[in-house]
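> What would the 3D arrangement of this be:
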Amino acid sequence: MRLNALRHLAVLAFSLLAVPVLAAEITDVTGRKVELDLPARRVIVGEARQVHVIAALKGDKTFDTIVGWRDDLLKKDPDSYTAYVERFPQIEKLPRFGYVPQGDFSLETAITLSPDVITLNLEAEKSAKESGFEEKAAAAGIKIIYLDFRIDPEKNSEASVEILGKLFGAEERAKEFIAYRRAEIARVTDRLASVKDLKRPNVFIERAPGISGENNCCRTFGPVNFGAMVDLAGGHNIADGIIKTTFGDLDPEQLVVADPDHVIVTGSNWAAESDINQFVPVGRGADMALSRERLANLMKRTPFPELKAVKQGNVHAVWHQFYGAPYEFFPIQQFAKWFHPDLFADLDPEKNFEEFHRKFLPVTYKPGYFASLEKGLNQ
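Take a look at the predicted model:
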């Protein structure tokens, strides 16, 4: 038994040595220059939802060099977690970590896994510095790389994809992914640009209603993230010029005055962490009847019943997790169909996202990422 174990270790060591590595320098999204051997041999993914990008770059080899990840995919996106467990059953035993800003990421446990690098989201940077996390990791020989798909996607998403391409030895695949994403977004933006005097409907997009606390209105997005997606899809985000940050709160009176043409809420399967379970559970394989029921209930809150969008049935839900993955071409396409149905009558976002799965991802596609009150899914 001991001899077999030694042989296994020898084979593993040989396979690692067989992968050519090269000392290189990566500039992360904070501008920090980090020197490390590439591709990295042992990676802790400090936000598990980064797997949505890593899988597009590595396919069947997604988890070959991942030795641990944060617990957020399981808690915040369990439908995607299930998809990846079905494809890669071994990841159920992959060590999971907490969130650096909440102080429950165990660096001591991470050190025992001997990672070359830990990837963190940009919003964790302040806490990582102030808590000494960065300094302690450096002392243990672990590099920290910051990525961003959420705070300023327009500035940082493509750079973050390129960084992951370098870390995982998939630079050419990263270029293909970026080109595909650009082309899919251009399907909408090029057509909109050809329209003279485009009439942009007013849109209110509400962030994660029904997940926790009192189910009040009106948390929304500023000029980036979902707010930018609304703009790219030919809409006008009513919070533009009011909310300056990634997201913030509108006064209900402001919503009434704006009287939007469309209302969109973000939702996901948050059953693992919601205390009120009134969210819209859209996502992979979602129950559309339940999603529409929850969406209708959310529209009973003040001041929604008096809004034009609600009276006319222009009420929708979108998968919240699009806000942290560079798959935004899909919601941009769907938003465009909602805002300009005649102009985009021939566009099929569902078919396009399914094609993306076949081309890039190792997991199967299931619909359920959108819901609408007026006509149902993707109508």
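> Pull the number of nearby residues for residue 145.
Other residues near residue 145 number 24, with proximity taken as other CB atoms under 10 Å. To be clear about C-beta, it is placed using only N, CA and C from the backbone, and glycine gets the same treatment.
> where does the stretch 1-150 of the chain dip in pLDDT?
For the stretch 1-150 of the chain, residues meeting the criterion pLDDT under 70 lie at 1-21.
> Tell me which stretches of it form strands.
22-27, 33-38, 43-45, 66-70, 96-97, 117-121, 143-147 (DSSP state E, counting those that start in this stretch).
> How far away from the center of its chain is the last one?
Centre-to-centre, strand 143-147 and its host chain are 18 Å apart (CA atoms, centre = their mean, to the nearest Å).
> quick one, that strand and strand 22-27 angle?
Relative orientation of strand 143-147 and strand 22-27, computed by axes from the mean of the first three to the mean of the last three CA atoms, to 10 degrees: 50 degrees.
> got the CA coordinates for strand 143-147 in PDB?
Presented in PDB, the C-alpha positions along strand 143-147 are these (Å, rounded to 0.1, in the frame of the first residue of the first chain):
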ATOM      1  CA  LYS A 143       0.700  35.600  -4.400                       C
ATOM      2  CA  ILE A 144      -2.600  37.600  -4.400                       C
ATOM      3  CA  ILE A 145      -4.200  38.600  -7.700                       C
ATOM      4  CA  TYR A 146      -7.200  40.900  -7.800                       C
ATOM      5  CA  LEU A 147      -9.900  40.500 -10.500                       C
END
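> contacting residues around that strand?
Strand 143-147 has contacts (CB atoms under 8 Å, 6 or more residues apart in numbering) with 26, 28-30, 32, 34-36, 47, 50, 116-122, 124-125, 128, 133-134, 137-138, 156, 160, 163-164, 167.
> Quick one, which of these are buried?
Among these, those classed as buried by 16 or more other CB atoms under 10 Å are 26, 28-30, 34, 36, 47, 50, 116-122, 124-125, 128, 133-134, 137, 156, 160, 163-164, 167.
> picking up where we left off before, would you list the strands of the stretch 1-150 of the chain in CSV and tack on distance to residue 338?
Formatted as CSV, the strands of the stretch 1-150 of the chain follow (distance: least, CB to CB, whole Å):
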stretch, distance to residue 338
strand 22-27, 38
strand 33-38, 42
strand 43-45, 33
strand 66-70, 33
strand 96-97, 37
strand 117-121, 29
strand 143-147, 30
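> And those: which comes nearest residue 172?
strand 33-38 (13.9 Å; CB to CB).
> I'd like to check what contacts that closest one. Which residues are they?
With contacts defined as CB under 8 Å, 6+ apart, strand 33-38 is touched by 21-28, 116-117, 143-145, 166-167, 169.
> Can you tell me which of these is closest to residue 247?
residue 28 (23.4 Å).
> I figured the closest one hits residue 163, correct?
Yes: here residue 28 reaches residue 163: they are 6.3 Å apart, a contact under CB atoms under 8 Å.
> what are the ranges of the helices in the stretch 51-200 of the chain?
51-58, 72-76, 78-87, 107-112, 125-130, 133-139, 153-167, 171-193 (DSSP state H, counting those that start in this stretch).
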